[in-house]
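1. predicted model follows, preceded by the sequence.
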Amino acid sequence: MFLLSPSSLSSLSSLSPILPISFISQQFTIPITIWFLLPLFPHQLILLVNSQQLACDILGRNCQERYQQMTHATTLENRTSQCSLPNIWLIPGKADTSCSRPGTKKIIEVDPRQVIIRPKVVKLPGCFNIEIKNIRVLDNNDAINNSFFAKIEYQWWNLKDFADLKCQNASNNGCDGYGNNCYYCDICESLHQLQSGRENSALTNQLKGISCPKYPGFYTFRKEFCFNDWYAFDSNGDCQFDFFQDEKFSNYRAAFSSLQQIGYGTVVAKLRLAANATSKIAERKRIKEELIEETVRKELEERRKTWNINSEQFEEFRLWYTNHRKNIWHREEYLPWLLYENEILCIRLTFDVCERIPKRNPFTGQLTCF
């Protein structure tokens, strides 16, 4: 979910309504992965090793020793498994907007120096948080009563196949999920649904106060993104990546060893932000969906002549199949087109790939793989 908090609303009361963006006045983190949970401290990780919780500063020597001991014990217990992945650690680098294409809509302004990545070290597979401070929402009439949606893309410089990985656990219409090429749709609408739904849940209690601001001004953007779960790409358990056709990279360890080649160990993440559908685009979307409904109706009426089913069974199938066709169109055609049509910003992030827990340079204080 997207969480945006206004720097100051009192000074904006006299301004006109603008693009609605969900906001919250307090910072918090929502963990959605079993690999680690992210607390309030930037590089503090809660690691799960063999289902045991290890809460400590991963950059501290004592924590590293405990992690290595528990990992070694886990390896001994599971030494019969041939598919255990090597440890991969990522060090977030600087952000820039070099991936923004010319001619994008002028709705918001972002200073790349205001982009903060947490935690300071990311365990792969795992998640990280992007926080962008002082996003300036402009007074743009086309943005009023609208919202944002986004897409996350990951690229591995020396393993091009990774760029084509599909989003995992996405909905039928292509929204949400985790991993590469995921779309996050209808931000404000999703937050409203959370508030009006499980009102007594802990998650909803954290989201109290979220609404869509209607004024231009400065806001803070926060969102958690996750990398793909590599084990999901080995459907038959043969320790091979199903999406790799080249035998060179089909084995887990061969692929990850290639990731760590000196000079190539870099992951690039691109966060593309776009405005959701305007009223004109929404009307075109409605017309297209009506056309799909009519096309499906004609197709099924013709096929029904050879089916031995009653009217109730036919109607149930027709509704399911119609929604199925709409979801395919929404996922494969509408979302990519809308992203291109309404893109307003692209933020590019780089991560250095490490085969061991990064350490701080005693002279510069910066994290390094060596």
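-> Ah, there it is.
2. C-alpha from now on. contacts and neighbour counts both.
-> Fine.
3. OK, contacts around the closest residue to residue 265 other than its chain neighbours?
-> Take residue 265 and drop its neighbours on the chain: the residue closest to it by CA to CA, 6 or more residues apart in numbering is residue 353, 4.8 Å away. By CA atoms under 8 Å, 6 or more residues apart in numbering, the contact list for residue 353 reads 88, 89, 90, 91, 259, 260, 265, 266, 267, 369.
4. give me the phi and psi for residue 353.
-> phi -90, psi 130 (degrees, to the nearest 10).
5. please name the bridge partners of it.
-> When assigned by DSSP bridges, residue 353 has beta-bridge partners residue 90.
6. look up how far residue 296 lies from residue 153.
-> In this view, residue 153 and residue 296 are 33 Å apart by CA to CA, to the nearest Å.
7. same deal with residue 318?
-> Relative to residue 296, residue 318 is positioned 8 Å away (CA to CA).
8. ok, now residue 118?
-> For residue 118, the distance to residue 296 equals 47 Å [CA to CA].
9. now swap in residue 103 and tell me
-> From residue 103 to residue 296 the distance is 37 Å (CA to CA).
10. these two: which has the busier surroundings?
-> residue 296 (18 against 9; other CA atoms under 10 Å).
11. and the helix or strand containing that one, which residues are buried?
-> Using DSSP states H and E, residue 296 maps to helix 279-303. Neighbour counts over helix 279-303 (16 or more other CA atoms under 10 Å) mark 289, 292, 293, 296 as buried.
12. how about the contacts made by residue 114?
-> By CA under 8 Å, 6+ apart, the contact list for residue 114 reads 132, 133, 134.
13. what pLDDT is listed against it?
-> Note on residue 114: pLDDT of 92.
14. ditto for residue 30
-> 35.
15. so for the residue nearest to residue 265, what's the pLDDT?
-> With respect to pLDDT, residue 353 scores 85.
16. try residue 150
-> Residue 150 is given a pLDDT of 88.
17. going forward, begin numbering at 19 instead of 1
-> Let's use 19 as the start, then, which means that last one is residue 168.
18. in which helix or strand would I find it?
-> strand 166-174.
19. from the contacts of residue 371, pick the one nearest residue 357.
-> Proximity of the contacts of residue 371 to residue 357 (CA to CA) peaks at residue 285, which lies at 22.5 Å.
20. same question for stretch 181-198, mean pLDDT?
-> pLDDT averaged over stretch 181-198 gives 89.
21. spit out the contact partners of residue 250.
-> Contacts of residue 250 (CA under 8 Å, 6+ apart): none.
22. related to what we said a few turns ago, can I get the contacts of residue 371 in TSV including pLDDT and distance to residue 185?
-> What follows is these, written out as TSV (pLDDT from 0 to 100; distance: CA to CA, whole Å):
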residue	pLDDT	distance to residue 185
106	81	21
107	89	21
108	91	20
109	92	23
277	60	20
278	55	24
283	72	23
284	83	21
285	87	17
387	83	29
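23. most neighbours among these, which one?
-> Neighbour-wise, these (other CA under 10 Å) top out at residue 108, 27 neighbours.
24. which residues touch it?
-> So residue 108 contacts 139, 140, 141, 142, 369, 370, 371, 372 (CA under 8 Å, 6+ apart).
25. same question, residue 109
-> 138, 139, 140, 369, 370, 371, 372, 376, 385, 386.
26. ditto for residue 146
-> Neighbours of residue 146 in contact, by CA under 8 Å, 6+ apart: 135, 136, 137, 140, 242, 243, 244.
27. now a PyMOL select for only the buried ones of these.
-> This is how PyMOL selects the buried members of those, with burial counted by 16+ other CA under 10 Å:
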select buried, resi 135+136+137+140+242+243+244
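28. now intersect the contacts of residue 146 with the strands, please.
-> With strands taken from DSSP state E, the overlap with the contacts of residue 146 comprises 135, 136, 140, 242, 243, 244.
29. mind giving me the packing neighbours of the next helix or strand after the helix holding residue 314?
-> Later in the chain than helix 297-321, the nearest helix or strand by DSSP H and E is helix 329-347. Applying 3 or more CA pairs under 8 Å, 6 or more residues apart in numbering; DSSP states H and E, one finds that helix 329-347 contacts helix 297-321.
30. so which residues make contact with the helix it packs on?
-> Contact with helix 297-321 is made by 336, 339, 340, 343, 344, as judged by CA under 8 Å, 6+ apart.
31. if you set the cut-off to 6 Å instead, what comes out?
-> Residues from elsewhere that reach helix 297-321 (CA atoms under 6 Å, 6 or more residues apart in numbering): none.
32. I'd like the average pLDDT over it.
-> For helix 297-321, the mean per-residue pLDDT is 93.
33. for stretch 115-128, same thing?
-> Across stretch 115-128, pLDDT averages out at 85.
34. start to end distance for that stretch?
-> End-to-end for stretch 115-128, by CA to CA: 9 Å.
35. ditto for stretch 342-351
-> Note: stretch 342-351 ends 14 Å apart using CA to CA.
36. same deal with stretch 344-357?
-> Chord length of stretch 344-357, first to last residue, is 18 Å (CA to CA).
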